[in-house]
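[1] Predicted model and sequence follow; I will ask about them next.
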Amino acid sequence: MDTIGFICERTHPVFWPVAERLAARGFDVRFFEPGERITRAEIGELAALVNKKIRPESFAALHYADRIGVPTWNGFFATTALSCRLVALNALEAVGCRVPAVHFEKPPSEYVAKGRYSWTGSPTLGGEGISTRSASEQRRSTTSTTRSTTAARPTFACSPPGRN
């Protein structure tokens, strides 16, 4: 029977039930731990590859799957294009989705601090975000709040839509 691979935690609240339904329909299901390398041989044995967690190792697996013709869900090109949180927010906004406001200083209302890329740590409610720069470099760069500077900023805060 065909094997469908999932790059996500085995206990994921959405993908675990999906995997159970696929197994009930006769598919073999294999979970790959996010952040762990998946070999080319493992990818070659799959009928399809589903990616939930964006990690550098996921990019390599998705890239190889695309190259050898293994169908993917959240494939290499889409994952690459949308791996930067600001690019993803802008893309969602462009197609009419409500997205949170982006700030480069702490906003006055509730917010979630996030790093530029999803694999750089967990979002933090009211936190400082995740940075690759020193504290002194961060202090020097927090004076601007314009969206045109997003490429130079590794951290930002998101306020819920309607709470800018």
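    Now that the structure is in, tell me what you want to look at.
[2] Tell me where the protein has strands.
    3-7, 28-32, 48-51, 72-73, 101-103, 112-115, 124-125, 155-159 (DSSP state E).
[3] can I get those in TSV with mean neighbour count, mean pLDDT and distance to residue 15?
    In this view, the C-beta of every residue, glycine as well, is placed from N, C-alpha and C. Putting the strands of the chain into TSV (neighbours: other CB atoms under 10 Å; pLDDT from 0 to 100; distance: least, CB to CB, whole Å) gives the following:
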stretch	mean neighbour count	mean pLDDT	distance to residue 15
strand 3-7	22	95	5
strand 28-32	18	95	8
strand 48-51	22	93	7
strand 72-73	18	89	10
strand 101-103	19	76	28
strand 112-115	20	76	22
strand 124-125	12	76	24
strand 155-159	21	48	24
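[4] Could you export those as CSV, including distance to residue 86?
    Listed next are the strands of the chain as CSV, based on distance: least, CB to CB, whole Å:
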stretch, distance to residue 86
strand 3-7, 23
strand 28-32, 28
strand 48-51, 20
strand 72-73, 23
strand 101-103, 7
strand 112-115, 10
strand 124-125, 17
strand 155-159, 7
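[5] do you know which of the ones you listed lies nearest residue 59?
    strand 48-51 (9.1 Å; CB to CB).
[6] distance between the closest one and the chain's centre?
    Computed by CA atoms, centre = their mean, to the nearest Å, the chain-centroid distance of strand 48-51 equals 14 Å.
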